[in-house]
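*Asks:* Build me a structure from this.
(chains A and B)
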Amino acid sequence: MSYKVKLEVFEGPLDLLLYLIKKNEIDIYDIPIAEITEQYLEYLELMRMLDLNIAGEFLVMAATLIHIKSKMLLPPEEKEILPEEEEDPREELVRRLLEYKKFKEVAGVLGDLESQRKKMFTRIISQDENAKEERFFEASLFDLITALTRVLKEVPKEVFQEIIRDEFTVEQKVHDLLHMLVERPVIYLTELFRKAKNKMEIIVTFLAVLELIRLKEILVVQKERFGEIELIRNESHRLII
Amino acid sequence: MDRREAKNIIEAMLFVSDKPLFVSEIKGVLEEFSAQEIKDIILELAKEYEDTARAFRIKEIAGGYQILTDPMLAPWLKRLYKTSGPDRLSGPGLETLAIIAYKQPVTKAEIELIRGVNVDGVLKTLIEKNLIRITGRKETVGRPILYGTTQEFLQYFGLNSLDELPKLEELNITEHDIELPEHLRKEQPPQEEKMDMKDTQSSIEGG
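*Replies:* Got it, this is the predicted structure:
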């Protein structure tokens, strides 16, 4: 079974960028784009490795960063521009980061207010009503069936992976064939195949025959065109040994 | 009816109400008292609760008044309601709410421009929780839907009005330092009353 881990570390590309800026103790007004871009892409790669679903927004930001980086690498245009007029390619990004940061801070304030408020209790009327509703809820048989179907749908499907037991091994077949050749002088290939229980055994048998030929243990002969293929012991090999 | 009696009635009304009670609502029952008199009585009650360290506090929330328990008692009350775990808003939820609170009425596209991510799901959740509502449509291309915060929003965060949220300019000044504004914010509310005379404090707040 495979698991998909969902890490909601960063709310979005701007959040990730702010994190990188803070981590590297960078001045937000003077971001070393090349360095930050590299780290940003590294992080995306990490997300990919963790099988996180990288939202398109992260990729858009990656493109933006690379665009800014390339712009900064290019020499300024030939046109005579006064230094003041020359716009920093990072300007738009910095503006967005600052804007986002502001609201991120407010979100923090809201979070504090939320936890403070949660510490103070008020009369809870709505809960009683909910309890009453639950008590009088009537479910028909179809409601139950619907609920069951829904639950069943949500149950993750079990994935069955077929594992084929190695019923036949080439090694075993080689052994069998040699054994057979001790008892009788000739084995017909078709006979071997006919005895095979399934395709797998046929293939394994064939491989065993090839292996024995390679080891020069047997000879394979055919007495006439399209005739029976016979396996016989390679006596000459035996003698050499 | 004398004032003493009215005070008991108002206290009882606040006690039974499950949401902030407006002065106008109380006045609807106690017609012979003016809004100012009613307000004074409520503040008197609030002070009594505070001074005698009672279990309750009266807070001005979303333009009305409500009795709440002393936050110090939270651990015990939480134990009583074992099941109701802290159902907090998510990070994206808080961020989106923050943007809506300050920029309302605001469109989805405007929120997304600031957050840099899609907010479809978040908006849906916030509407379900009744923290935001559709306030209308922007008279521009496509007439996009405008969102704003609700009364429930104020109640949820224990705010009397949106003015109680920190000023954005305030955050702007301390852009370089994240720790400072948080620090200031946390200490300001309790100091406010005692330090009325201190100009420095209020000028920072007014930002």
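
*Asks:* so where is the chain shaky, pLDDT-wise?
*Replies:* Unless you meant another one, I'm taking chain A. Counting by pLDDT under 70, the low-confidence segments of chain A come to A:1-9, A:51-53, A:76-86, A:125-144, A:155, A:164, A:237-241.

*Asks:* hm, I was asking about chain B
*Replies:* Using pLDDT under 70, the flagged stretches of chain B are B:82-86, B:171-207.

*Asks:* and with 50 instead?
*Replies:* In the predicted model, chain B carries pLDDT under 50 at residues B:173-207.

*Asks:* show me where it has helices.
*Replies:* Applying DSSP state H to chain B gives helices spanning B:3-16, B:23-29, B:35-51, B:74-80, B:91-103, B:108-115, B:120-128, B:151-157, B:168-173, B:179-194, B:199-206.

*Asks:* ranges for the strands of chain A?
*Replies:* Ranges of strands in chain A, per DSSP state E, are A:186-188, A:218-222, A:229-233.

*Asks:* How many neighbouring residues does residue 34 have?
*Replies:* No chain in the question, so chain A it is. Residues near A:Ala34, counting by other CB atoms under 10 Å in any protein chain shown, number 14. (Glycine included, C-beta is placed from N, CA and C.)

*Asks:* I was thinking of chain B, sorry if that wasn't clear
*Replies:* Number of residues near B:Ser34 (other CB under 10 Å) recorded here: 12.

*Asks:* mind checking the backbone torsions on it?
*Replies:* Torsion angles at B:Ser34 (phi, psi; degrees, to the nearest 10) stand at phi -80, psi 160.

*Asks:* contacting residues around it?
*Replies:* Each residue near B:Ser34 by CB atoms under 8 Å, 6 or more residues apart in numbering or on different chains is listed here: B:Lys27.

*Asks:* same deal with B:Leu73?
*Replies:* Contacts of B:Leu73 by CB under 8 Å, 6+ apart are A:Phe121, B:Ala55.

*Asks:* next one: the one 4 residues further on
*Replies:* With contacts defined as CB under 8 Å, 6+ apart, the neighbours of B:Leu77 are A:Phe121, B:Thr69.

*Asks:* List the buried residues for the lengthiest helix in chain A?
*Replies:* Longest helix in chain A, counting residues (DSSP H): helix A:91-118. Neighbour-count burial for helix A:91-118, counted by 16 or more other CB atoms under 10 Å in any protein chain shown, picks out A:93, A:96-97, A:99-111, A:113-114, A:117-118.

*Asks:* Which ones, among those, also lie beside chain B?
*Replies:* A:96, A:99-111, A:113-114, A:117-118 (CB under 8 Å from any CB of the partner chain).

*Asks:* re earlier: now, of the helices of chain B, which is deepest in the fold?
*Replies:* helix B:91-103 (a mean of 23; mean count of other CB atoms under 10 Å in any protein chain shown).

*Asks:* residue at max distance from the center of chain B?
*Replies:* Centroid-distance maximum for chain B: B:Val141 at 34.3 Å, with CA atoms, centre = their mean.

*Asks:* what's the neighbour count on A:Leu17?
*Replies:* 27.

*Asks:* In this structure it contacts A:Gln39, no?
*Replies:* No. Taking contacts as CB atoms under 8 Å, A:Leu17 lies outside contact range of A:Gln39: 9.5 Å.

*Asks:* Can you name the residues that contact the residue nearest the centre of chain B?
*Replies:* In chain B, the centroid-proximal residue (CA atoms, centre = their mean) is B:Leu159; its distance is 1.3 Å. Taking CB under 8 Å, 6+ apart, we find B:Leu159 in contact with A:Leu113, B:Ile61, B:Ala62, B:Phe153, B:Leu165.

*Asks:* Next: B:Pro71.
*Replies:* A:Gln116, A:Lys119, A:Met120.

*Asks:* what subset of the residues you listed is also close to chain B?
*Replies:* Checking the contacts of B:Pro71 against chain B by CB under 8 Å from any CB, the ones in range are A:Gln116, A:Lys119, A:Met120.

*Asks:* Break chain B down into its domains, please.
*Replies:* B:3-75, B:91-157, B:169-206 (automatic domain parsing).

*Asks:* Make CSV from those domains and add distance to A:Glu224 to it.
*Replies:* Converted to CSV, the domains of chain B look like this (distance: least, CB to CB, whole Å):
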stretch, distance to A:Glu224
domain B:3-75, 98
domain B:91-157, 77
domain B:169-206, 93
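
*Asks:* Nearest to A:Arg225, out of those domains?
*Replies:* Of all the domains of chain B, domain B:91-157 sits nearest to A:Arg225, with 73.4 Å by CB to CB.

*Asks:* if we can go back for a sec, what packs against the longest helix of chain A?
*Replies:* Helices and strands touching helix A:91-118, by 3 or more CB pairs under 8 Å, 6 or more residues apart in numbering or on different chains; DSSP states H and E, are helix A:13-23, helix A:56-73, helix B:91-103, helix B:108-115, helix B:151-157, helix B:168-173, helix B:179-194.

*Asks:* Now do that helix and helix A:56-73, the angle between them.
*Replies:* Put simply, helix A:91-118 runs at 140 degrees to helix A:56-73, going by axes from the mean of the first three to the mean of the last three CA atoms, to 10 degrees.

*Asks:* and the gap between the closest residue to A:Thr169 other than its chain neighbours and chain B?
*Replies:* Distances taken as CB to CB, 6 or more residues apart in numbering or on different chains place A:Val204 nearest to A:Thr169, at 6.8 Å, with adjacent residues excluded. Noted for A:Val204: a distance of 55 Å to chain B, by CB to the nearest CB, to the nearest Å.

*Asks:* What values do phi and psi take at the closest residue to A:Glu57 other than its chain neighbours?
*Replies:* Spatially, and ignoring its direct neighbours in sequence, A:Glu57 is nearest to B:Val117 (4.9 Å; CB to CB, 6+ apart). Per-residue torsions, B:Val117: phi -140, psi 160 (degrees, to the nearest 10).

*Asks:* what's near enough to touch B:Glu48?
*Replies:* Residues near B:Glu48 by CB under 8 Å, 6+ apart: B:Arg54.

*Asks:* if I look at it, how far off is B:Phe56?
*Replies:* According to CB to CB, to the nearest Å, B:Glu48 stands 10 Å off from B:Phe56.

*Asks:* same question, A:Lys69
*Replies:* Look at A:Lys69 and B:Phe56: by CB to CB, they are 59 Å apart.

*Asks:* Likewise for B:Val119?
*Replies:* Distance of B:Val119 to B:Phe56, given as CB to CB: 38 Å.

*Asks:* And for B:Ala109?
*Replies:* Counting by CB to CB - B:Ala109 and B:Phe56 are separated by 45 Å.

*Asks:* Can you give the domain ranges for chain A?
*Replies:* Per automatic domain parsing, the structural domains of chain A span A:13-76+A:86-118, A:170-240.

*Asks:* give the contact list for A:Phe10.
*Replies:* A:Leu16, A:Tyr19.
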